[in-house]
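J.: quick one, what's the 3D model for this:
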Amino acid sequence: MPSFDITSEVDMVALKNAVDVASRQIATRYDFKGTSAAVELNEKDKEMTLLGDSDFQLDQVKAILLPAMEKKEPDSAKRLDHQPVQKVSGNKVKQALKIRAGIDAELAKKLVKLIKDSGLKVQASIQGDTVRVTGAKRDVLQDTIALVKKSITDFPLQFGNFRD
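T.: Numbering: from 1, shown residues only. Below is the predicted model of the structure:
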């Protein structure tokens, strides 16, 4: 019976490249000379930290980082969970950006409900942080992929492990 998996994997290499590009741009910009503006990536905790001297400078760092991320991996900025801005020593500020990987339970339930309510003759089941969809024909599975791509636009999803 044909099946495929809906997942949401983070391409850490592309993310690291985007952070490196943004760091180089920050280092060469004249208005950032002598400031604490920086972007740091913690791959183990899947978290980025933005540093700046003011809220305005933090927004400027984001304006450099987010397009660099989108260039390397489309829709990757949608997976960031923006934490509140924190004041650090003096007037400096920092903000943590959590990188969400995998499909959380709430989104998985939403996907399963969407697929079941669509009327397509497929079964969807939650398996950890993936959603497996099985159906009788390949065409129905392709229709399901099109439906999910059209309906879920606020989080990047990948469709893989297609079995015939």
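
J.: paired strands for the least confident helix or strand in the chain by mean pLDDT, with orientation please.
T.: Ranking every helix and strand in the chain by mean pLDDT, DSSP states H and E puts strand 158-163 at the bottom, with a mean of 86. Partner strands for strand 158-163, per DSSP bridges, with pairing direction: strand 3-7 (antiparallel).

J.: average pLDDT for the strand it pairs with?
T.: Mean pLDDT, strand 3-7: 91.

J.: name the residues of the helix or strand containing Ala27 that are buried.
T.: Ala27 is part of helix 12-28 when elements are defined by DSSP states H and E. Neighbour counts over helix 12-28 (16 or more other CB atoms under 10 Å) mark Leu15, Asn17, Ala18, Val19, Val21, Ala22, Ser23, Gln25, Ile26 as buried. No exception for glycine: its C-beta is placed from N, CA and C like everyone else's.

J.: returning to what we had before: tell me how far the least confident helix or strand of the chain lies from the chain's centre.
T.: Mean-position distance between strand 158-163 and its chain equals 18 Å (CA atoms, centre = their mean, to the nearest Å).

J.: tell me where this protein has strands.
T.: 3-7, 38-42, 47-52, 80-82, 86-87, 93-99, 122-127, 130-135, 158-163 (DSSP state E).

J.: mind listing what Ala77 touches?
T.: When contacts are counted by CB atoms under 8 Å, 6 or more residues apart in numbering, Ala77 is found next to Leu66, Met69, Glu70.

J.: hmm, what's the outermost residue in this protein?
T.: Gly90 (32.2 Å; CA atoms, centre = their mean).

J.: that one and Phe162, how far apart?
T.: Remark: distance between Gly90 and Phe162 (CB to CB, to the nearest Å) = 54 Å.

J.: repeat for Lys113
T.: 23 Å.

J.: same question for Ser125.
T.: 16 Å.

J.: which residue ranges make up each domain of the chain?
T.: 3-8+102-163, 12-99 (automatic domain parsing).

J.: span of the shortest one from start to end?
T.: Pointing back at domain 3-8+102-163 there. 5 Å (CA to CA, to the nearest Å).
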